[in-house]
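> curious how this folds, go ahead:
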Amino acid sequence: MGLAQEPEIQASEVHPKGGRDGLGWLCFVLHLVLVAFAAFGWLMPWRAGLIFYLCYIPVMFLQWQFNAGSCVLNNVETLIRFGRWRNPRNREEGAFLKTLVEDITGFQLTKRQMNGAIYCLISVFWFLGFGHLVWQSQP
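Sure, this is the predicted structure:
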């Protein structure tokens, strides 16, 4: 018995009228906030905030690993829109940062190149956060 084929989603259904609707903008801005926190959260002056940050980074990484390289936020948007977890026509699903880099710079990086850059950066940010926490704890 084979798997039932899911109905195809048209590209125009992902972002109506070629642009983002309210839900699309909400998810996009939330993505940017989460990425900004990952990049700059290590600068927080609060011990509790740094501890949260040091937990956030590995959780973010692990959710990508367990969710086939896709962000849960993209999946939730797809679930709200179409009643299912995946949308193969959404170019941002599993590649939010890649599409952001392409749209801003025009560089066409492979998924492997982008993942390598992301994993290096999140490792650097985590170690910066750890260093900041240790430095704060010094008498």
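> use CA for all of it now, contacts and neighbours both
OK.
> against residue 136, how distant is the spatially most central residue of the chain?
The centroid of the chain falls nearest to residue 71 when counting by CA atoms, centre = their mean (5.1 Å). Distance of residue 71 to residue 136, computed by CA to CA, to the nearest Å: 32 Å.
> the residue nearest to the centre of the chain against residue 64, yeah?
Yes. Contact criterion CA atoms under 8 Å: residue 71 and residue 64 qualify, at 5.9 Å.
> now the helices for the chain?
For the chain, the helices defined by DSSP state H occupy 11-14, 22-40, 47-66, 72-82, 96-105, 111-137.
> ok, now which ones touch residue 115?
Contact analysis of residue 115 by CA atoms under 8 Å, 6 or more residues apart in numbering lists nothing.
> state the pLDDT value of it.
Listed pLDDT for residue 115 reads 84.
> do you know how far the residue nearest to the centre of the chain is from residue 132?
To residue 132, residue 71 is 27 Å away according to CA to CA.
> equivalent analysis for residue 51, please.
In this view, residue 51 and residue 132 are 10 Å apart by CA to CA.
> any low-confidence regions in the chain?
Residue ranges of the chain with pLDDT under 70: 1-18, 94, 139.
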